[in-house]
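**Q** here you go, sequence then predicted model.
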Amino acid sequence: MIDFAAIARAEVAREPFQFFAAPEVLKAADLAAIAADFPDIRKPGVYPLSALTYGPAFARLVDDIRSREMEDVMAEMYGVDLSDKPLMITVRGQAQEKDGRIHTDTEAKFVTCLLYLNETWDQGEGRLRLLRRPDDLSDYVAEIPPDGGVLASFLRADNSWHGHEPVKGQRRYVMFNWMTSSDALERELGRHRFSATVKKLNPFA
């Protein structure tokens with residue numbers, strides 16, 4: 001389902017941190033099937049797979065993300081060894097206005113990937129910006145629209161600042177991260193599972 005060759009063709013920027021964007025890593029027919037089988041997410045937040053139900057096309061996408069091919073191509077892109085790094089997969093379906101605040105990602109994340117599953121993104125807001133500094137969303141080195149089939153990725157660093165202008169409503173992606181350790185993975189998943197449970201129990205969360 002995922003076009004790993006399309007990922008391998010992307011050019012990795014080295015400054016101010018390592019990142020790349022690969023378009024069209026999913027065919028239009030696959031995007032449509034994934035959209036039909038996407039988890040029913042009605043609230044903002046990031047959800048672990050264990051908190052979601054979804055159809056077979058989305059399950060095939062998850063299998064590709066978990067595959068050795070994905071690990072190998074990402075390791076090659078950044079020139080790193082991912083064989084001892086556990087993989088975490090989470091999903092977002094809805095955005096809220098506070099999302100997109102400038103941050104670097106937690107130190108527990110080694111590599112971050114965002115595979116967007118929206119239709120063509122015509123809005124000016126909600127476009128991922130990779131930044132030169134931690135205090136200015138307009139000072140960006142790259143701006144990536146969250147169009148369906150776009151894969152955005154970066155190697156986490158102390159200066160891997162990123163964010164986007166506020167947007168509210170549907171904004172779909174699968175985020176997958178190679179984590180620094182199994183303990184880090186369990187801590188992050190535990191936090192996401194707790195948040196998902198609160199949202200399920202409290203309709204106003």
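**A** Yes, it's here.
**Q** what sits up against the longest strand along the chain?
**A** If you go by DSSP state E, the chain has its longest strand at strand 169-179. Under the contact criterion CB atoms under 8 Å, 6 or more residues apart in numbering, strand 169-179 has outside partners 35, 38, 46, 61-62, 65, 71, 74, 82, 85-95, 99, 105, 108-118, 126, 146, 185, 188. Heads up, the C-betas are built off the backbone N, CA and C, glycines and all.
**Q** how about 6 Å then?
**A** The set of residues external to strand 169-179 that reach it, using CB atoms under 6 Å, 6 or more residues apart in numbering, is 65, 82, 85-93, 95, 108-118, 126, 185.
**Q** go on, stretch 61-80?
**A** So stretch 61-80 is contacted by Met1, Ile2, Phe4, Ile7, Ala8, Val12, Gln18, Ile34, Leu82, Leu155, Phe176 (CB under 6 Å, 6+ apart).
**Q** stretch 36-48 too?
**A** 52, 54-55, 57-58, 90-94, 96, 189, 192-193, 195-196, 199.
**Q** and the helices in this protein, which stretches?
**A** Under the criterion DSSP state H, the chain contains helices at 4-8, 28-36, 56-65, 68-78, 182-201.
**Q** can you redo those helices as JSON lines with distance to Ala22?
**A** JSON lines is the format used below for these (distance: least, CB to CB, whole Å):
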{"stretch": "helix 4-8", "distance to Ala22": "5"}
{"stretch": "helix 28-36", "distance to Ala22": "14"}
{"stretch": "helix 56-65", "distance to Ala22": "14"}
{"stretch": "helix 68-78", "distance to Ala22": "9"}
{"stretch": "helix 182-201", "distance to Ala22": "25"}
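**Q** closest one to Ala142 among the ones you listed?
**A** helix 68-78 (15.5 Å; CB to CB).
**Q** give the buried residues for the closest one.
**A** Of the residues in helix 68-78, Met70, Glu71, Val73, Met74, Ala75, Met77, Tyr78 count as buried by neighbour count, 16 or more other CB atoms under 10 Å.
**Q** what of stretch 113-132?
**A** So for stretch 113-132, counting by 16+ other CB under 10 Å, buried means 113-118, 121, 126-131.
**Q** can you tell me which two in these are farthest apart?
**A** Among the buried residues of stretch 113-132, Leu117 and Leu131 lie farthest apart (CB to CB), at 23.8 Å.
**Q** isn't Leu130 up against His162?
**A** Yes: when contacts are counted by CB atoms under 6 Å, Leu130 is listed as touching His162 (5.2 Å).
**Q** which other helices and strands contact the helix or strand of the chain with the lowest mean pLDDT?
**A** Using mean pLDDT, DSSP states H and E, the weakest-scoring helix or strand in the chain turns out to be helix 182-201, at a mean of 81. Judged by 3 or more CB pairs under 6 Å, 6 or more residues apart in numbering; DSSP states H and E, the packing partners of helix 182-201 are strand 46-48, strand 87-95.
**Q** what does the last one rub up against?
**A** Spelled out, that is strand 87-95. Strand 87-95 has contacts (CB under 6 Å, 6+ apart) with 41, 43-44, 46-49, 167, 171-179, 185, 188, 192.
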